[in-house]
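> mind looking at a prediction? Sequence and model below.
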Amino acid sequence: MTQARTLHHRRTTCRGCGATTLAPFLDLGRQALANALLRSPDEFANEQRFPLEVVLCTECGLVQLVDVIDPSVLFSNYLYVTGTSDTMQVHNEEYAKTICELLGLGPNDLVVEAASNDGSLLKKFLARGVRVLGVEPATNIAASANAAGVRTVNEFFGPETARALRAQYGAAAAVIANNVLAHVDEPVKFLAAARAFLRPGGLVSVEAPYIEEFVEHNEYDTVYHEHLCYFSISALLVIAERAGLRLVRIDRKPVHGGSIRMYAKSADDVREHAPAVLDLARAERGKGYTSLARMQTLAKASAKQRADLVALLKKLKSEGKTLGAYGAPAKGNTLLQYCGIGTDLVPFTVDKSPLKVGLFTPGMHLPVFHADELAKRRPDYCLILAWNFADEIMRQQSQYRELGGRFIVPIPSPRIV
């Protein structure tokens, strides 16, 4: 128990505005870390679990976790790589094109990506002749990026790292942070570090899952210990303001179940947030995305989805049907644990990532086989845990479908397709 206390602490203040007005609304129970896949059954008994509870700051509207796990445990050896998805390759190409055209980037310009993962996005900038620098805390993935020709520093991004790298490589035309701001316990300091890295006129661009999709589509499975925040534009305005940034544009993107891409400039360059951004914030407040009552409705929908999914799986099993799953993503591991779906119901899952094949999912301990095994094992029904890539998965698994296999998409409510 001593070790668990050193790995985990609980916040009492909002990481967006510093208020103490944190109202709990969704408790997903004690869960094993969603990306901490296990190597063998010998590790099952000592697996640690931590509280996973979502709260709302009633002052600024930021949805967040109060249970914080030491980031060196979460990210030093990481199993998620962005390059395995065809969908993300297309998304990254569009992203690089947009930033390059917005800023008119050329060979003398530097693009820095915080939490750059395997360098998939930065490769798209390299292909356009732009200088790049990745900052990636996972040692294994930083090494992979460097081996692939993407210059990557194996560090956590923050104020000290930003100062040192700016001195070494020069100021950045753009600092990009994709699906990392939600992972940061001090987002104001993180964005202030990004601003300090910029040259005059430079741009900070951040992508994060959006609260509207989270609420409207019942995406409770996107909650796991790495995701400390679930952003509304209203909350992002407060965080950006405190970091010395002004939001100049917001784009909606379909990836990861629905995301927003924020574009920000230093308050030294732009004095006010863009009127269109302020209009979006007003609209979302009108829909209740910063209200406790709306979040409590989400919690009820999550409990119903759990009951319906478990009932469906048990019904299929009672009818003599066989089950499997596709994917071992963090969201899937949250869903399996919250719903209590173990190998008695779903004996295995499959995945394309070679980093996950041969391991066991955290908490519920489903063995992970290669994606080719789905058509070989031919379960009657396949639960798509990586539901945000459901269309891509069903296309790739056309052979399984031709052999009579059916798919179950669990979110927002379970349905057979």
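Yep, that arrived. Remember, predicted model here, so these are calculated numbers, not experimental data. Residues are numbered from 1 along each chain as shown.
> give me the contacts around stretch 394-414.
Residues from elsewhere that reach stretch 394-414 (CB atoms under 8 Å, 6 or more residues apart in numbering): 216-219, 221, 257, 301, 304-305, 308-309, 312-313, 326, 335, 371, 374-375, 378-385, 387, 390, 393, 415-417. To be clear about C-beta, it is placed using only N, CA and C from the backbone, and glycine gets the same treatment.
> now, which of the residues you listed lie within helices?
Members of the contacts of stretch 394-414 lying in helices (criterion: DSSP state H): 216, 301, 304-305, 308-309, 312-313, 335, 374-375, 390, 393.
> redo these as CSV? Include pLDDT, neighbour count and distance to Gln399.
Conversion of the ones in helices among the contacts of stretch 394-414 to CSV gives the following (pLDDT from 0 to 100; neighbours: other CB atoms under 10 Å; distance: CB to CB, whole Å):
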residue, pLDDT, neighbour count, distance to Gln399
Glu216, 93, 16, 34
Ala301, 97, 17, 35
Lys304, 98, 12, 34
Gln305, 98, 21, 30
Asp308, 98, 15, 29
Leu309, 98, 21, 26
Leu312, 98, 18, 24
Leu313, 98, 22, 24
Leu335, 98, 29, 26
Leu374, 97, 25, 9
Ala375, 95, 16, 5
Ala390, 95, 19, 17
Ile393, 95, 25, 12
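> now the residues you listed in JSON lines, with distance to Ser205?
Output for the ones in helices among the contacts of stretch 394-414, formatted as JSON lines (distance: CB to CB, whole Å):
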{"residue": "Glu216", "distance to Ser205": "25"}
{"residue": "Ala301", "distance to Ser205": "32"}
{"residue": "Lys304", "distance to Ser205": "37"}
{"residue": "Gln305", "distance to Ser205": "33"}
{"residue": "Asp308", "distance to Ser205": "38"}
{"residue": "Leu309", "distance to Ser205": "36"}
{"residue": "Leu312", "distance to Ser205": "40"}
{"residue": "Leu313", "distance to Ser205": "40"}
{"residue": "Leu335", "distance to Ser205": "30"}
{"residue": "Leu374", "distance to Ser205": "36"}
{"residue": "Ala375", "distance to Ser205": "40"}
{"residue": "Ala390", "distance to Ser205": "27"}
{"residue": "Ile393", "distance to Ser205": "28"}
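> relative to Tyr338, how far out is Ile408?
Counting by CB to CB, to the nearest Å, the gap from Ile408 to Tyr338 is 16 Å.
> how about the helix or strand hosting Phe50 as CSV, C-alpha atoms only?
Secondary structure assignment for Phe50, by DSSP states H and E: strand 49-57. The C-alpha coordinates for strand 49-57 follow below in CSV (Å, rounded to 0.1, in the frame of the first residue of the first chain):
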residue,chain,number,x,y,z
ARG,A,49,-6.0,-0.2,-9.1
PHE,A,50,-6.8,3.5,-8.4
PRO,A,51,-10.1,5.5,-8.0
LEU,A,52,-11.5,6.9,-11.3
GLU,A,53,-14.0,9.6,-10.5
VAL,A,54,-15.0,12.6,-12.7
VAL,A,55,-15.8,16.0,-11.2
LEU,A,56,-17.0,19.4,-12.5
CYS,A,57,-15.5,22.7,-11.4
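> pop out the phi and psi values for the residue nearest the centre of the chain.
Central residue of the chain (CA atoms, centre = their mean): Asn179, 5.1 Å from the mean position. Dihedral pair for Asn179: phi 50, psi 40, per degrees, to the nearest 10.
> wait, it sits on Glu207?
Yes - counting by CB atoms under 8 Å, Glu207 is a contact partner of Asn179 at 6.1 Å.
> can you pull the residues that touch both of these two?
With CB under 8 Å, 6+ apart, Asn179 and Glu207 have common neighbours Ser259.
> circling back: what residues of the strand holding Phe50 count as buried?
By 16 or more other CB atoms under 10 Å, the buried positions in strand 49-57 come out as Phe50, Leu52, Glu53, Val54, Val55, Leu56, Cys57.
> dump the residues you listed to a markdown table, plus distance to Leu191.
Below are these laid out as a markdown table (distance: CB to CB, whole Å):
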| residue | distance to Leu191 |
| --- | --- |
| Phe50 | 26 |
| Leu52 | 25 |
| Glu53 | 25 |
| Val54 | 22 |
| Val55 | 21 |
| Leu56 | 21 |
| Cys57 | 17 |
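> which of those sits closest to Pro159?
Of all these, Pro159 sits closest to Cys57, with 23.5 Å by CB to CB.
> show me what contacts that closest one?
Residues counted as contacts of Cys57 (CB under 8 Å, 6+ apart) are Cys14, Gly16, Cys17, Ala19, Thr21, Leu22, Ala23, Val63, Gln64, Ala235.
> repeat that for Tyr289.
Residues in contact with Tyr289 (CB under 8 Å, 6+ apart) are Gly61, Ile211, Glu212, Val215, Ser232, Ser234.
> can you rerun that using 10 Å?
By CB atoms under 10 Å, 6 or more residues apart in numbering, the residues touching Tyr289 are 56, 61, 63, 210-212, 214-216, 230, 232-235, 281, 283, 295.
> right, I'll leave it there.
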